[in-house]
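Undergrad: Compute the structure for the input listed below.
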Amino acid sequence: MSRPGERLIMAFDFGARRIGVAVGNELLGSASELAPLPCRDGIPDWAQVARLLDEWQPALLVVGLPLHMDGSESEMSLRARKFARRLHGRFGRPFEMFDERGSTREAKRIAREEGHAGDYRNHGVDGIAAELILSAFLARPA
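TA: Just a heads-up that it's a prediction; the model follows:
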């Protein structure tokens with residue numbers, strides 16, 4: 001079992017159509033996006049999630065918490081919390097919620113710089129957003 005500071009962490013950017021996924025290493029402070037999980041109304045294929053967790057064996061799951069800019073909860077905040085509880089309930093992995101304000105806007109900016117045409121509905125930036133969430137989580141003060 002890895003200790004804090006040495007753990008592999010998996011982050012999720014919850015969405016109704018896709019859930020962005022990224023993995024990172026605390027020791028290296030690195031994060032990399034993975035392919036997003038398609039979902040139906042925020043519900044992923046749980047077998048696909050299980051395969052992902054089996055493959056990467058993360059010690060901690062981080063779920064982005066989409067708050068309003070004033071810090072208040074949104075409908076998506078409640079849904080992201082529910083997704084996190086389901087992850088924990090199904091797989092028994094510890095999780096933390098992490099403020100993701102601004103991550104989608106920043107992910108879209110990065111994607112535009114890389115030539116994204118702006119069709120976010122069909123070609124989302126969920127993986128980039130998950131990577132940004134995880135990078136911010138890893139950079140937070142201990």
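Undergrad: quick one: strands adjacent to the strand ranked longest in the chain?
TA: Ranked by residue count and defined by DSSP state E, the top strand of the chain is strand 30-40. Based on DSSP bridges, the strands next to strand 30-40 in the sheet, each with its direction, are strand 18-25 (antiparallel), strand 43-44 (antiparallel).
Undergrad: closest one to Ala80 among those?
TA: Taking C-beta to C-beta as the criterion, Ala80 comes closest to strand 18-25 out of the strands paired with strand 30-40, the separation being 9.6 Å. Heads up, the C-betas are built off the backbone N, CA and C, glycines and all.
Undergrad: Turn the strands paired with strand 30-40 into JSON lines, including distance to Met97 and mean pLDDT.
TA: Converted to JSON lines, the strands paired with strand 30-40 look like this (distance: least, C-beta to C-beta, whole Å; pLDDT from 0 to 100):
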{"stretch": "strand 18-25", "distance to Met97": "15", "mean pLDDT": "93"}
{"stretch": "strand 43-44", "distance to Met97": "18", "mean pLDDT": "92"}
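Undergrad: Now distance to Trp56 and mean neighbour count too, for these, in CSV please.
TA: Written out in CSV, the entries for the strands paired with strand 30-40 read as follows (distance: least, C-beta to C-beta, whole Å; neighbours: other C-beta atoms under 10 Å):
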stretch, distance to Trp56, mean neighbour count
strand 18-25, 5, 23
strand 43-44, 15, 16
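Undergrad: For these, give me TSV that also has distance to Phe12.
TA: Formatted as TSV, the entries for the strands paired with strand 30-40 read as follows, by distance: least, C-beta to C-beta, whole Å:
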stretch	distance to Phe12
strand 18-25	5
strand 43-44	9
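Undergrad: closest to Phe83 out of those?
TA: Distances from Phe83 to each of these were compared using C-beta to C-beta; the shortest belongs to strand 18-25, at 7.5 Å.
Undergrad: Can you tell me what sits against the closest one?
TA: Strand 18-25 is contacted from outside by 7-13, 30-39, 42, 44, 52, 56, 58, 83, 124-131, 133-135, 137-138, using C-beta atoms under 8 Å, 6 or more residues apart in numbering.
Undergrad: Can you show me the helices along this structure?
TA: Across the chain, reading from the start of the chain, the helices by DSSP state H fall at 46-56, 75-91, 103-113, 126-139.
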